[in-house]
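Trainee: how would this look folded up:
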Amino acid sequence: MENQPDGNYITHLPREVTKLVIRGNLPLLKAWRIYLGISLRDAAEKSGLDADFFSVMENNENMFSEELKKIAQALGVNVDLLVDIDPIKDQPDIYC
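Mentor: Next comes the predicted model:
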């Protein structure tokens, strides 16, 4: 899954990503990559970053803004969706 058919970026947080973060205890960027079915190497290549550096970014809460923008563009996701997650606000029914 990449950019939407109309060329726009994904602008909502899918329930599956939230589940990967909460139940799978995954960092948000890694959860997105897995949800989108993109390998780490492919995601790094699409964003113009070294795979090792991408891995560090993927597992780090304090990401660098310029690189994060490249990653968001490569994944076809709004950059705000890679930064923070509030499971109570975004997906309240996940705890039911």
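
Trainee: show me where the chain has helices.
Mentor: Under the criterion DSSP state H, the chain carries helices at the ranges 15-22, 28-36, 40-47, 51-58, 65-75, 87-90.

Trainee: turn the ones you listed into CSV, including mean neighbour count.
Mentor: C-beta: built from backbone N, CA, C; applies to glycine. Listed next are the helices of the chain as CSV, based on neighbours: other Cβ atoms under 10 Å:
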stretch, mean neighbour count
helix 15-22, 18
helix 28-36, 22
helix 40-47, 17
helix 51-58, 17
helix 65-75, 17
helix 87-90, 12
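
Trainee: any chance of those helices in TSV with distance to Tyr9 and mean pLDDT as columns?
Mentor: Shown next, in TSV, are these (distance: least, Cβ to Cβ, whole Å; pLDDT from 0 to 100):
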stretch	distance to Tyr9	mean pLDDT
helix 15-22	14	89
helix 28-36	12	92
helix 40-47	14	94
helix 51-58	18	90
helix 65-75	7	83
helix 87-90	17	47
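
Trainee: of all those helices, which one is nearest Asn8?
Mentor: Proximity to Asn8 (Cβ to Cβ) singles out helix 65-75 among the helices of the chain, at 12.1 Å.

Trainee: how far away is Val17 from Gly48?
Mentor: 23 Å (Cβ to Cβ, to the nearest Å).

Trainee: same thing with Asn25?
Mentor: 29 Å.

Trainee: what of Glu58?
Mentor: Computed as Cβ to Cβ, the Glu58 to Gly48 distance reads 15 Å.
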